[in-house]
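*Asks:* sequence unknown, structure follows:
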């Protein structure tokens, strides 16, 4: 007699989880590709570069717009349609690309590429750990959240202070925090995926994009921290990359 039953109650949740996680990583990849394209395109626009480097009001407006989009996506996900959710995520990814476009001016292309590879490796390893580990990582949530508060506040203060010492402190602590958040968030999304009815394609799309946004923010912020450490600068320090993507604060707050 077969000791391992293959009833729908066992097989379907596993298949549903795989479908959900595949869409999460898929939408995250789409968001990263859009961000990279917009960043590259904007970096080749003299007008955009002038705005980013000389107009602080414009840059603050971009940051506020990004934060507003994360708030809308996380707080109103149940009321939004799948199409609107997709559009807002794409808009957020594009705006992030705009704010990060100055990295192509500040750092060499080779160092940006190598840092991306390192980030992808670290992110992939920690996401795999979060997905496969039997250890409950929820206990780390509050600790990571408190550390994230400190990083965001210090980064916002340093937006005006421009303290190199504070920047490096935030950077090294940030690497640790976002590595931890990658594992924590992946496990959280895995637990969420086990409860989602994949037959509801609209709901699946919305929550896949919300999960993609969570991991997207982990990846982008880890990339920014590592960029400061590993990349080779070819120009003066850029204000547009002196802080993490602050939208992650609200998203993590809602999920902790």
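*Replies:* Yep, it's here. In this text the structure is predicted, and so the values were computed from the model without any measurement.

*Asks:* quick one, helices of the stretch 151-256 of the chain?
*Replies:* 164-193, 201-230, 247-255 (DSSP state H, counting those that start in this stretch).

*Asks:* a markdown table for the ones you listed, including mean pLDDT, distance to residue 61 and mean neighbour count?
*Replies:* C-beta: built from backbone N, CA, C; applies to glycine. Below are the helices of the stretch 151-256 of the chain laid out as a markdown table (pLDDT from 0 to 100; distance: least, Cβ to Cβ, whole Å; neighbours: other Cβ atoms under 10 Å):
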| stretch | mean pLDDT | distance to residue 61 | mean neighbour count |
| --- | --- | --- | --- |
| helix 164-193 | 94 | 23 | 20 |
| helix 201-230 | 94 | 19 | 22 |
| helix 247-255 | 51 | 14 | 19 |
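
*Asks:* tell me which of those sits nearest to residue 80.
*Replies:* Closest to residue 80 of the helices of the stretch 151-256 of the chain is helix 201-230 (Cβ to Cβ; 6.6 Å).

*Asks:* give me the helices and strands touching the closest one, please.
*Replies:* Secondary-structure packing of helix 201-230 (3 or more Cβ pairs under 8 Å, 6 or more residues apart in numbering; DSSP states H and E): helix 8-43, helix 56-75, helix 82-100, helix 109-132, helix 164-193, helix 247-255.

*Asks:* at 10 Å instead, please
*Replies:* Packing contacts for helix 201-230, counted by 3 or more Cβ pairs under 10 Å, 6 or more residues apart in numbering; DSSP states H and E, involve helix 8-43, helix 56-75, helix 82-100, helix 103-106, helix 109-132, helix 141-161, helix 164-193, helix 247-255.

*Asks:* tell me, what residue is most central in this structure?
*Replies:* The chain has residue 217 as the residue nearest its centroid, 1.0 Å off, counting by Cα atoms, centre = their mean.

*Asks:* quick check, that residue in contact with residue 185.
*Replies:* Yes. Under the criterion of Cβ atoms under 10 Å, residue 217 makes contact with residue 185 at 8.8 Å.
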